[in-house]
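Student: Sequence first, then the predicted structure, then my questions.
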Amino acid sequence: MIFQEKTITDKLGRTVVLRNARPEDGEDLIKYLKATSAETPYLIREPDEITITKESEENFIKAKMESEHELMLIALVDGKHIGNCSLMSIAPYKRYRHRCDVAIALYKEYCGCGIGSAMLSTVLEVAKEAGYEQAELEVIAGNENAIAMYEKLGFKKCGTFPDNMKYSDGSYQDAYWMMKKL
């Protein structure tokens, strides 16, 4: 899906550009995935598990741009990619067409500045316009800041996945399934 570029101002007064990811962003997105995976225990992969090639990332981005119901939104500050938020269909089946999945991550230094809320609010508006009736996400139970943001935006906890993640030290983290009616 093609998104009309939008500019917002974060809590620190910085200008943030929200726009579609473009194929030329592929390399930056791979670096971003590796960096954010190293910064937080709340994402699904370890940095060394990110083996995406530049070509496959570019193809992934093209597919999102060509899709009528999916979006990869990125945020930029001073031209630097600082985060992304995605909108994905749950499945192509008629019985699931009303549901979408959303995901978001930012470089740690940009968290808490209102950028994540603005990005997710934007993606939720796009989802509603695309005909989705409910947005869903999964969040690690210990990620209190993200949970607070999701609840502020109207998401409700609908279930718990016990031991959803197992870390290299042998510890586990539960996850919540959260949903918002659009």
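Tutor: That came through fine.

Student: Would you confirm that residue 2 contacts residue 20?
Tutor: Yes - applying CB atoms under 8 Å as the test, residue 2 and residue 20 come out as touching, 6.1 Å apart. Every C-beta, even on glycine, is put in place using the N, C-alpha and C of the backbone.

Student: which outside residues touch the least confident helix or strand in the chain by mean pLDDT?
Tutor: Ranking every helix and strand in the chain by mean pLDDT, DSSP states H and E puts helix 26-39 at the bottom, with a mean of 91. With contacts defined as CB atoms under 8 Å, 6 or more residues apart in numbering, helix 26-39 is touched by 21, 43, 45-47, 49-50, 52, 54-55, 57-58, 61, 74, 81, 83-84, 105-108.

Student: what about the residue minimising distance to the centre of the chain, distance to residue 120?
Tutor: Centroid-nearest residue in the chain: residue 104, 2.1 Å away (criterion: CA atoms, centre = their mean). To residue 120, residue 104 is 5 Å away according to CB to CB, to the nearest Å.

Student: what touches both of those two?
Tutor: residue 85.

Student: circling back: emit the PyMOL select command for whichever of the contacts of helix 26-39 are buried.
Tutor: Selection of the buried residues among the contacts of helix 26-39 in PyMOL, burial being defined by 16 or more other CB atoms under 10 Å:
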select buried, resi 21+43+50+57+58+61+74+81+83+84+105+106+107
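
Student: Among the contacts of helix 26-39, which lie within strands?
Tutor: Among these, the residues falling in strands (DSSP state E) are 74, 81, 83, 84, 105, 106.

Student: Those into JSON lines, with extra columns for pLDDT and distance to residue 99?
Tutor: Below are the ones in strands among the contacts of helix 26-39 laid out as JSON lines (pLDDT from 0 to 100; distance: CB to CB, whole Å):
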{"residue": "74", "pLDDT": "97", "distance to residue 99": "24"}
{"residue": "81", "pLDDT": "94", "distance to residue 99": "28"}
{"residue": "83", "pLDDT": "95", "distance to residue 99": "24"}
{"residue": "84", "pLDDT": "94", "distance to residue 99": "21"}
{"residue": "105", "pLDDT": "93", "distance to residue 99": "21"}
{"residue": "106", "pLDDT": "94", "distance to residue 99": "25"}
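
Student: now those in CSV, with distance to residue 169?
Tutor: Shown next, in CSV, are these (distance: CB to CB, whole Å):
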residue, distance to residue 169
74, 32
81, 31
83, 27
84, 28
105, 22
106, 25
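
Student: Closest to residue 132 out of those residues?
Tutor: residue 84 (18.8 Å; CB to CB).

Student: And for the closest one, nearest residue in space, chain neighbours not counted?
Tutor: residue 74 (4.6 Å; CB to CB, 6 or more residues apart in numbering).

Student: With residue 181 instead?
Tutor: That would be residue 134: by CB to CB, 6+ apart, it lies 5.3 Å from residue 181.
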